[in-house]
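1. Compute the structure for the input listed below.
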Amino acid sequence: MLEILCAVPQSLKKVLTSELFDRRKMQKIWDRAVHFLSANESRIRTETQKIKGADFLVWRWIQPPLSCDKSKVWQGKAFPLDRRNSPPNSLTPCLKIRNMFDPDMEVGDSWDLAIQEAILEKCSDNDGIVHISVDKNSKEGCVYVKCLSAEHSGKAFKALHGSWFDGKLVTVKYLRLDRYHQRFPQAQGCNTPLKASSLHQNPTNTIPCPLQHGPLNSSGFS
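-> You can find the predicted model right below:
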């Protein structure tokens with residue numbers, strides 16, 4: 001590096017010297033960050049990948065194993081709701097919730113139950129949710145919710161839209177009731193409010209309209 005500096009004009013030497021100093025300064029900060037993550041973050045692993053013919057050391061995020069328990073949690077709001085990002089009035093009793101999960105990262109046969117439980121717990125003060133369905137094959141991580149009324153769906157919208165869940169930003173939009181029933185005919189008879197299992201202790205409590213999970217059809221519904 002010194003030989004190169006001797007061969008360039010004085011003005012360029014100053015630029016190169018300054019850049020070299022900045023690189024060394026930032027390298028120290030980077031090394032501290034790497035050391036901190038290595039010592040404190042178990043969900044990141046390092047591996048070597050070949051990029052454009054050269055080997056590079058890269059980080060890979062490891063999804064923690066799920067057991068339909070406490071591994072998925074709400075992490076607060078990303079932004080406050082206002083007229084720019086929330087309709088002023090509830091539009092329909094049905095909602096489509098996006099980004100609740102990544103189907104390629106989920107494990108086990110009943111991970112969708114943890115998603116349903118999380119929604120009910122987040123909306124624990126809402127006694128109007130009567131049907132929930134998780135589209136386990138959705139690349140957008142979609143969950144569909146029907147409420148007793150537009151008022152109840154408005155409460156659910158405010159509770160869920162713009163929230164962080166399991167490191168993902170959740171967004172919500174309203175769906176027309178007729179299109180919801182087109183995809184979920186069984187939801188037409190649902191009128192009993194659902195509660196998260198952790199919120200009630202009555203072992204004999206039954207839900208006439210059970211939570212739905214499994215693959216969905218896609219006829220005429222978005």
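2. hey, where'd the strands end up in this structure?
-> Secondary structure of the chain (DSSP state E): strands at 44-51, 54-61, 74-77, 94-98, 129-135, 143-147, 163-165, 168-169, 171-175, 212-214.
3. Strand partners (parallel or antiparallel) of the first one?
-> Partner strands for strand 44-51, per DSSP bridges, with pairing direction: strand 54-61 (antiparallel).
4. And R32, how far from E47?
-> Here R32 is placed at a distance of 22 Å from E47 (C-beta to C-beta, to the nearest Å). C-beta coordinates here come from the backbone N, C-alpha and C atoms, glycine included.
5. next one: E140
-> Applying C-beta to C-beta, one obtains 28 Å for the distance of E140 from E47.
6. what about the two, which has more around it?
-> Set E140 next to E47 and count neighbours by other C-beta atoms under 10 Å: E140 wins out with 15 against 9.
7. Got the phi and psi for that one?
-> Phi and psi for E140, reported as degrees, to the nearest 10, are phi -90, psi 0.
8. Verify the stated contact: it with N99.
-> Yes - under the criterion of C-beta atoms under 8 Å, E140 makes contact with N99 at 6.7 Å.
9. circling back: any idea which of the strands of the chain has the lowest pLDDT on average?
-> Lowest mean pLDDT within the strands of the chain: strand 212-214, a mean of 50.
10. Nearest residue to D55 in space, ignoring adjacent ones along the chain?
-> With C-beta to C-beta, 6 or more residues apart in numbering as the measure, T48 is the residue that lies nearest to D55, at 5.3 Å, once sequence neighbours are left out.
11. What of D125?
-> Sequence neighbours aside, K155 is the residue nearest to D125 in space, at 7.6 Å (criterion: C-beta to C-beta, 6+ apart).
12. show me what contacts the one you found?
-> 123, 125-126, 128 (C-beta atoms under 8 Å, 6 or more residues apart in numbering).
13. Can I get those in TSV including neighbour count, distance to P80 and pLDDT?
-> Compiled in TSV, the contacts of K155 are given as follows (neighbours: other C-beta atoms under 10 Å; distance: C-beta to C-beta, whole Å; pLDDT from 0 to 100):
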residue	neighbour count	distance to P80	pLDDT
C123	23	18	94
D125	7	19	90
N126	21	19	91
G128	20	23	93
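14. Could you list the low-pLDDT ranges of the chain?
-> In the predicted model, the chain carries pLDDT under 70 at residues 1-21, 40-43, 61-71, 83, 85, 88-89, 198-222.
15. is it true that K158 touches D82?
-> No - distance between K158 and D82: 11.2 Å, which falls outside the contact criterion (C-beta under 8 Å).
16. Compare these two and say which is more crowded by neighbours.
-> When neighbours are counted by other C-beta under 10 Å, K158 comes out ahead of the other of K158 and D82, with 16 against 8.
17. Excluding chain neighbours, give the residue nearest to the residue nearest the centre of the chain in space.
-> Nearest to the centroid of the C-alpha atoms of the chain, with distances taken as C-alpha atoms, centre = their mean, sits K168, at 2.7 Å. The shortest distance from K168 to any residue other than its chain neighbours is 4.7 Å, reached at N99 (C-beta to C-beta, 6+ apart).
18. Identify the residues contacting the one you found.
-> With C-beta under 8 Å, 6+ apart as the criterion, the residues that contact N99 are 140-141, 165, 168-171.
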